[in-house]
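[1] Based on what follows, work out the 3D shape:
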Amino acid sequence: MAHKIIGVDFGGAALRLARFEAGFRKAVLLSVESRAAGPVSGSPTEQFGARLAELQRALADEKTVAEEVAIALPGELLTFRTLDLPFNDPKRIESVLGYELEAQVMTPIEELIVDHVVVGQRGAQTRVLVAAAPRATIESIVKAVSEVQLPVRFIGAAPLAYAAVVGDRGTAAGLVVDIGHDKTDLCVVRAGRPEMARSLPRGGRHFTEAIAASFQLEQPAAEQAKVEAGFIGNENLIAQTPGQKRMDACLREAARPLIRELKQTLASYRASYGSQPEQIWLCGGASQLPGLREHIGEETGVTVEPLPWQEHEGWAEIDANERQRAAVAVGIGIAAATPSPQVSFRKGEFSFRSDYSFLRGKAIYLAGALLAVLACAAINAYASLRGLRKEQEQLSFKLKKETIELFGSERLDARAVSEEVRGGPKGQSAPPIPTVTAFDVLDEISRHVPPRDKVKLDVLELDIKPKKVYIKATAESAQQVDDLTDALKKIECFEDIRPGKLSTVSAAGATGSDGKETRAELKQFTLDVATTCP
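    Next up is the predicted model:
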């Protein structure tokens, strides 16, 4: 049954929502929208709390019914580390993350919520990307969303959301660079999985501040100048006027810290993986600055392109510029709706406790489905019972017919008939149905008769009766008769074997060279065998 999911990205200057309709292992993007966000102050946790209040108001204003909300924690609240473990058992990986991470972070591990995604496996070894969030932050978020009754069932990491958007693009690695208002998120993606992630405290706001300082402008005027006249020169975009040259120099200097961090990220990836990402994928509002893409490519020596999206059938058409801004919201929505390489900080004591309120909207559909299931079960039970009754009638008819033939009267108690047939009528020692047939006795005799090279036996008469077997035959000698008798004594139900009179008889033999037939003398004998075979 499809349900509504909203993926949320709390940007520095805008709140972005990606609406999905999710079914079984499939999600359809319905729309993407952005709402301007007001300035907030305080610690990153306090700022995030203010953004949650904005989200609650946005959903209330639109009267949007969301059965599930997935939010992405910004990278500045998170810590990322890559760990190599000498095993691949998921339970063991989960159990040792805290111990392995404790030596690499300054914060006590009991003050963090830790989750991971598997980067890759080689034999028994596993490389995992670990994300850690402050426990106090998760606790405050869970408390806040509970107070406003916001169904936030999934809390992921914004820098890891791009893997779900890019999808599997082969074995080549790509570095996603999302330049937002206050920060820049970096994530290396290979084959649809994140391999490295970090967040930089540099964004579009710093370009605006550089313009304001260089041109002595107020913040709003500097922002407008960045949008209308801001650029970084390259061979295709050359500064002509003194103002343009000043703008070029100003923004180049402002981009220097970002370029430096990008180079360090590429070097760190090479040290860990032995290769460099083959391309850089740009997204985010500030990535639209003219000339920035070419400038990053010149400085890093890596091809730079806009962030690609994995194509999905049935998705709504989204404007190219909006795609660059909404990647996190879309990625976190996909992660909540389908299996995706993403962490979740709603775990353990912070797991989502459903109040089942979302089921009320589905009550009619659920009741209809339940009634349909019960109706099908009732129809199936009735059909099975009717079939059993017909089969019972047929068996009863056969029982009546057979008991009349066997006992002379109709019997309906199948158990009593079975016991009487097996035990025989009262006063009779042998049951009417033998447990061993004449064919079984004949088979036993044939199995125990000595082979032809030892006893040349010619059976003249064989009579198998209850408790008695009579054999009349000929053999070449009296010794062969004794051998046969000894062999038959080995049959389990043969109790007493009494040989009869032994006589000599002549029989036709082989034809000689003169054409005359020779006569052979044979020993004719009889055996009376008392048996226990019924």
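
[2] how's this protein carved up into domains?
    With automatic domain parsing as the criterion, the domains of the chain are listed as 1-168+309-361, 170-307, 373-423, 438-531.

[3] Format the ones you listed as CSV; extra columns: mean pLDDT, mean neighbour count and distance to residue 367.
    (Glycine included, C-beta is placed from N, CA and C.) CSV is the format used below for the domains of the chain (pLDDT from 0 to 100; neighbours: other C-beta atoms under 10 Å; distance: least, C-beta to C-beta, whole Å):
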stretch, mean pLDDT, mean neighbour count, distance to residue 367
domain 1-168+309-361, 83, 18, 11
domain 170-307, 92, 18, 40
domain 373-423, 83, 11, 11
domain 438-531, 84, 14, 65
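
[4] Quick check: bridge partners of residue 193?
    Beta-bridge partners for residue 193, by DSSP bridges, are residue 190.

[5] How about the contacts made by it?
    Residues near residue 193 by C-beta atoms under 8 Å, 6 or more residues apart in numbering: 117-120, 163, 341.

[6] all helices for the stretch 1-150 of the chain, in order.
    Ranges of helices in the stretch 1-150 of the chain, per DSSP state H, counting those that start in this stretch, are 44-61, 90-102, 135-147.

[7] Could you list every helix and strand in contact with the last one?
    With contacts taken as 3 or more C-beta pairs under 8 Å, 6 or more residues apart in numbering; DSSP states H and E, helix 135-147 sits against helix 44-61, strand 68-73, strand 112-122, strand 152-157.

[8] can you list contacts of it?
    Against helix 135-147 from outside (C-beta under 8 Å, 6+ apart): 45, 48-49, 52-53, 69, 71, 73, 77, 110-113, 151-152, 155, 345-346, 350.

[9] before we move on, what about the second one?
    Contacting residues not belonging to helix 90-102 are listed as 81, 83, 85, 87, 108-109, 112, 114, 116, 118, 126, 128, 130, 132 [C-beta under 8 Å, 6+ apart].

[10] the inter-axis angle of that helix versus strand 112-122?
    Counting by axes from the mean of the first three to the mean of the last three C-alpha atoms, to 10 degrees, helix 90-102 lies at 120 degrees to strand 112-122.

[11] Residue 390 is in what secondary structure piece?
    Secondary structure from DSSP states H and E places residue 390 in helix 363-407.

[12] Take the helix or strand that that helix is followed by, keep the C-alpha atoms, and write them as PDB.
    Following helix 363-407 in sequence order, the next helix or strand is helix 414-423 (DSSP H and E). Extracted as PDB, the C-alpha positions of helix 414-423 are listed here (Å, rounded to 0.1, in the frame of the first residue of the first chain):
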ATOM      1  CA  ALA A 414     -14.300 -48.400   9.600                       C
ATOM      2  CA  ARG A 415     -12.000 -48.900  12.700                       C
ATOM      3  CA  ALA A 416     -13.900 -52.000  13.900                       C
ATOM      4  CA  VAL A 417     -13.900 -53.500  10.400                       C
ATOM      5  CA  SER A 418     -10.200 -52.900  10.000                       C
ATOM      6  CA  GLU A 419      -9.500 -54.600  13.400                       C
ATOM      7  CA  GLU A 420     -11.700 -57.500  12.600                       C
ATOM      8  CA  VAL A 421     -10.100 -58.000   9.100                       C
ATOM      9  CA  ARG A 422      -6.600 -57.900  10.600                       C
ATOM     10  CA  GLY A 423      -7.400 -60.200  13.600                       C
END
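
[13] still on that earlier bit, out of the helices and strands packed on helix 135-147, nearest to residue 456?
    Among those, strand 112-122 comes nearest to residue 456, with 75.2 Å by C-beta to C-beta.

[14] what's the distance between that closest one and the middle of its chain?
    Distance of strand 112-122 from the chain centroid (C-alpha atoms, centre = their mean, to the nearest Å) equals 18 Å.

[15] can you check stretch 87-96 too?
    On the basis of C-alpha atoms, centre = their mean, stretch 87-96 sits 18 Å off its chain's mean C-alpha point.

[16] cool, and stretch 490-497?
    Worked out by C-alpha atoms, centre = their mean, stretch 490-497 lies 65 Å from the chain centre.

[17] then that stretch to PDB, C-alphas only?
    C-alpha atoms of stretch 490-497 as PDB (Å, rounded to 0.1, in the frame of the first residue of the first chain):
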ATOM      1  CA  LYS A 490      17.300 -71.400   6.100                       C
ATOM      2  CA  ILE A 491      13.900 -69.900   5.100                       C
ATOM      3  CA  GLU A 492      12.600 -68.200   8.300                       C
ATOM      4  CA  CYS A 493       9.000 -69.600   8.200                       C
ATOM      5  CA  PHE A 494      10.000 -73.200   7.200                       C
ATOM      6  CA  GLU A 495       9.800 -75.200  10.400                       C
ATOM      7  CA  ASP A 496      10.000 -78.900   9.400                       C
ATOM      8  CA  ILE A 497      11.200 -80.400   6.100                       C
END
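
[18] coming back round to it: okay, among the contacts of residue 193, which ones form the most distant pair?
    The widest separation within those (C-beta to C-beta) is 13.1 Å, between 120 and 163.

[19] Inside strands: which ones of the contacts of helix 90-102?
    Judged by DSSP state E, strands contain the following of the contacts of helix 90-102: 81, 83, 85, 112, 114, 116, 118, 126, 128, 130, 132.

[20] from those, which is closest to residue 476?
    Checking the ones in strands among the contacts of helix 90-102 against residue 476 by C-beta to C-beta gives residue 126 as the nearest, at 82.0 Å.

[21] Just give the closest residue to that closest one, not the sequence neighbours.
    Using C-beta to C-beta, 6 or more residues apart in numbering and skipping the chain neighbours, the partner closest in space to residue 126 is residue 88 (4.5 Å).

[22] Return the distance of that neighbour relative to residue 462.
    Separation of residue 88 from residue 462 (C-beta to C-beta, to the nearest Å) stands at 73 Å.

[23] following the strand or helix carrying residue 445, which helix or strand comes up?
    Residue 445 belongs to helix 438-448 when assigned by DSSP H and E. Later in the chain than helix 438-448, the nearest helix or strand by DSSP H and E is strand 458-465.

[24] ok, residues contacting that following strand?
    Here strand 458-465 makes contact (C-beta under 8 Å, 6+ apart) with 438, 441-442, 469-475, 522, 524.

[25] Most widely separated two among these?
    The span of those, defined through C-beta to C-beta, is set by 438 and 522 at 27.1 Å.

[26] can you pull the contacts of the residue lying closest to residue 409 once chain neighbours are set aside?
    Spatially, and ignoring its direct neighbours in sequence, residue 409 is nearest to residue 403 (7.1 Å; C-beta to C-beta, 6+ apart). Neighbour list for residue 403: 409-411, 417 [criterion: C-beta under 8 Å, 6+ apart].
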